[in-house]
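# Below are the sequence and a predicted model; questions follow.
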Amino acid sequence: MRKEPLPQKWGWRPWAGRPWNSQGASINTDHFDDNAIQIVAWDGKIAVGCARVVLPQVGERLPTEEGFDLVVEPKGQVVDWGRNVVSRSYIGPHYRILAALLGQAWIETRRHGYHLVWGNATAAIIRIYRMATHVTVDTLGPPRLYWGEKRYPFRFDFQVNWDKSKAL
């Protein structure tokens with residue numbers, strides 16, 4: 001899905017280094033993709049959603065660090081979630097596809113030994129994350145124009161949320 005063209009009419013802004021297809025539309029990919037965990041939701045043979053988990057690499061910045069000029073702490077212990085996309089025709093009132101993508105992202109995060117997550121999203125998507133995952137999502141600063149939209153850097157710690165839920 002992310003390899004499909006993103007027309008400029010949707011407000012996506014070009015940046016140097018982003019590949020373009022023959023119709024002049026940007027393709028949603030970047031230099032983090034090669035080492036990222038790519039998650040795809042399928043309906044038969046049709047990809048209906050996708051997500052990306054970027055694990056920390058020694059000496060490398062995470063996408064949200066790079067895009068928002070932030071420094072992740074604790075270094076080497078945080079993964080970056082992003083590029084969550086669900087086909088419009090599969091978005092429902094309970095965001096089940098998104099919840100499934102986030103659930104699989106969490107499984108991959110834990111499988112690699114992490115529990116701290118950073119990312120960036122619009123205010124509306126952060127509200128949906130809170131609703132779909134029932135976890136505390138903290139914004140880390142003011143919004144910045146990123147990929148053509150005002151997005152907030154965010155963080156959540158599934159372990160802290162898990163501990164809180166067990167105490168209830």
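Sure, I can see it. Numbers count the residues shown, from 1 in each chain.
# Every contact and neighbour count from this point should use C-alpha atoms.
Noted.
# Flag the shaky bits of the protein, pLDDT-wise.
Confidence mapping of the chain against pLDDT under 70 gives the ranges 1-28, 158-168.
# which helix of it spans the most residues?
Longest among the helix segments of the chain by residue count, using DSSP state H, is helix 96-111.
# got the angle for the following helix or strand past it vs helix 96-111?
Using DSSP states H and E, the helix or strand that follows helix 96-111 towards the C-terminus is strand 116-121. Counting by axes from the mean of the first three to the mean of the last three Cα atoms, to 10 degrees, strand 116-121 points 140 degrees away from the direction of helix 96-111.
# hmm, who's touching strand 116-121?
By Cα atoms under 8 Å, 6 or more residues apart in numbering, the residues outside strand 116-121 that reach it are 63-64, 77-82, 151-159.
# Skip the chain neighbours and tell me the closest residue to the residue sitting nearest the centre point of the chain.
By Cα atoms, centre = their mean, the chain has its centre lying nearest to G82, at 1.4 Å. Distances taken as Cα to Cα, 6 or more residues apart in numbering place R52 nearest to G82, at 5.4 Å, with adjacent residues excluded.
# Name all residues that make contact with that neighbour.
So R52 contacts A36, I37, Q38, I39, W81, G82, R83, N84, A105 (Cα under 8 Å, 6+ apart).
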